[in-house]
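>>> Sharing a model that was predicted from the sequence below.
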Amino acid sequence: MSPILSVRDLEKTYDGGFQALKSVSLDIRQGEVFALLGPNGAGKTTLISTICGLVTPTSGSIFVGGHDALKDYRAARQMIGLVPQEMPTAPFEMVGDTVAFSRGLFGLPPNRELVDSILKDLTLYEKRDNPIMALSGGMKRRLLVAKALAHEPQILFLDEPTAGVDVELRHDMWRIVGELKKKGVTIILTTHYIEEAEEMADRVGVINKGEIVLVEDKAELMRKLGRKLLTLNLAEPLSEVPAILSQYDLCLEDEGSSLVYTYDSQADRTGITSLLTDLSKAGVRFQDLQTDQSSLEDIFVDLVRQG
Ligand SMILES: Nc1ncnc2c1ncn2[C@@H]1O[C@H](COP(=O)(O)OP(=O)(O)OP(=O)(O)O)[C@@H](O)[C@H]1O
């Protein structure tokens, strides 16, 4: 299936000479939830803003649903909903009206039924005749989603949807994203929260200093994360791994005083029991042992540090 969004060799150098995007290429699959992770200043907002037509790229191409976003901006933008981090100020506007207005901005005919159903999905329907200023912080966040959905976009960008919100609202947002995905909406979100990417994403991309440094299925990442290290501190150092233990792919470390076994913690059989039996048969004794697991956070920190 061809990607719903395709970015090729995208570069952005701001006036003043700062290069915020360096040859970014990315394909987004229809119906997926893609989490874009990156530290402050990595280029997440620049990338999203460029795709949404708010920032002009220096070079490169963007295709949205087959439309060239640079040459056929309107058709491309029509397919996209953008949930910004903050509410533009229109405090006296009514909740229902502001969502209807967002739809009108795209030149679409009014559709009160649709607006009502969006408000209901986001549990804002009861507030439809209230001014925006009468909403709680969490409701305002949900309203931003409602406004972004008013023109029935196929792709929804969420820029840090849960930055600075409480746990309850964070889970609320995750539920909303899950429901939109079920309806077939493709979702791209930026986040600082690894937990958020783990919870929601089908795929994870990491951007650092304007470059995409990793794109991977979350399941694959989790599989990698499922690998654990068992380190045995030996009673006496070994010069080599005994032949009887060759099947375990052990590594001898710390000048022969530690044996390291890598295993899949999610497998039915980790092999630890038989390893310990075979160690005993080989006469290898150990004083202590420890297990370590790398997390998505470790992988992220490593990638960002290397960059
Ligand atoms: N209008 C601008 N003019 C010049 N430089 C800019 C402009 N907008 C952003 N930048 C720079 O581009 C880089 C990327 O910024 P961007 O906002 O895309 O990062 P981000 O990954 O979204 O960061 P954060 O997580 O802090 O929101 C930063 O160094 C920023 O200072």
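In hand now; what should we look at?

>>> The helix ranked longest in the chain packs against which elements?
Looking across the chain with DSSP state H, the single longest helix is helix 167-182. For helix 167-182, the elements it packs on are helix 137-149, strand 155-159, strand 186-191, helix 194-200, judged by 3 or more C-beta pairs under 8 Å, 6 or more residues apart in numbering; DSSP states H and E. All C-beta atoms are positioned from the backbone trio N, CA, C, and that covers glycine.

>>> Tell me the predicted confidence for Ser295.
For Ser295, the model assigns a pLDDT of 66.

>>> What's the per-residue pLDDT of the residue positioned nearest the centre of the chain here?
Nearest to the mean C-alpha position of the chain, counting by C-alpha atoms, centre = their mean, stands Ala35 at 1.6 Å. pLDDT recorded at Ala35 is 94.

>>> Report the distance from the longest helix of the chain to the chain centre.
For helix 167-182, the gap between its own C-alpha mean and the chain's C-alpha mean amounts to 14 Å (C-alpha atoms, centre = their mean, to the nearest Å).

>>> For that helix, buried residues please.
Of all the residues in helix 167-182, those buried under the rule 16 or more other C-beta atoms under 10 Å are 169-170, 172-174, 176-177, 180-181.

>>> Any chance of JSON lines for those residues, columns pLDDT and distance to the ligand?
Formatted as JSON lines, those follow (pLDDT from 0 to 100; distance: C-beta to the nearest ligand atom, whole Å):
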{"residue": "Leu169", "pLDDT": "83", "distance to the ligand": "19"}
{"residue": "Arg170", "pLDDT": "86", "distance to the ligand": "17"}
{"residue": "Asp172", "pLDDT": "85", "distance to the ligand": "22"}
{"residue": "Met173", "pLDDT": "87", "distance to the ligand": "17"}
{"residue": "Trp174", "pLDDT": "89", "distance to the ligand": "20"}
{"residue": "Ile176", "pLDDT": "89", "distance to the ligand": "21"}
{"residue": "Val177", "pLDDT": "92", "distance to the ligand": "19"}
{"residue": "Leu180", "pLDDT": "92", "distance to the ligand": "22"}
{"residue": "Lys181", "pLDDT": "95", "distance to the ligand": "23"}
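
>>> Among the residues you listed, find me the one that's closest to Ala76.
Leu180 (19.8 Å; C-beta to C-beta).

>>> what's near enough to touch that closest one?
149, 156, 187 (C-beta atoms under 8 Å, 6 or more residues apart in numbering).

>>> OK, contacts around Gly65?
Residues counted as contacts of Gly65 (C-beta under 8 Å, 6+ apart) are 4-5, 75-76, 79, 154-155.

>>> Among those residues, name the ones in strands.
Among those, DSSP state E puts 5, 155 in strands.

>>> Mind giving me the PyMOL command for buried ones among the contacts of Gly65?
To isolate the buried ones among those in PyMOL, judged by 16+ other C-beta under 10 Å, type:
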select buried, resi 4+5+76+79+154+155
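
>>> ok, of the contacts of Gly65, which one's closest to Asp15?
Closest to Asp15, out of all of the contacts of Gly65 and judged by C-beta to C-beta, is Ala76, at 24.1 Å.

>>> returning to what we had before: compare the helices and strands packed on helix 167-182 and give me the one nearest the ligand.
Closest to the ligand of the helices and strands packed on helix 167-182, according to C-beta to the nearest ligand atom: strand 186-191, at 6.7 Å.

>>> related to what we said a few turns ago, and the contacts of Gly65, which is closest to Lys140?
Closest approach between these and Lys140, by C-beta to C-beta: Ile155, at 22.7 Å.

>>> give the contact list for the closest one.
Counted by C-beta under 8 Å, 6+ apart, Ile155 has contacts 4-5, 28, 64-65, 79-81, 185-188.

>>> Within reach of the ligand, which of those are there?
The subset of the contacts of Ile155 within reach of the ligand, by C-beta under 6 Å from any ligand atom, is empty.

>>> and the residues you listed as a markdown table, adding pLDDT and distance to Glu160?
Formatted as a markdown table, these follow (pLDDT from 0 to 100; distance: C-beta to C-beta, whole Å):
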| residue | pLDDT | distance to Glu160 |
| --- | --- | --- |
| Ile4 | 97 | 22 |
| Leu5 | 97 | 19 |
| Ile28 | 97 | 18 |
| Val64 | 96 | 21 |
| Gly65 | 94 | 25 |
| Met79 | 96 | 22 |
| Ile80 | 96 | 17 |
| Gly81 | 96 | 16 |
| Val185 | 96 | 18 |
| Thr186 | 97 | 18 |
| Ile187 | 97 | 14 |
| Ile188 | 97 | 12 |
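
>>> Go through those residues and say which is closest to Ile244.
Nearest to Ile244, judged by C-beta to C-beta, of the contacts of Ile155 is Ile28 at 50.3 Å.
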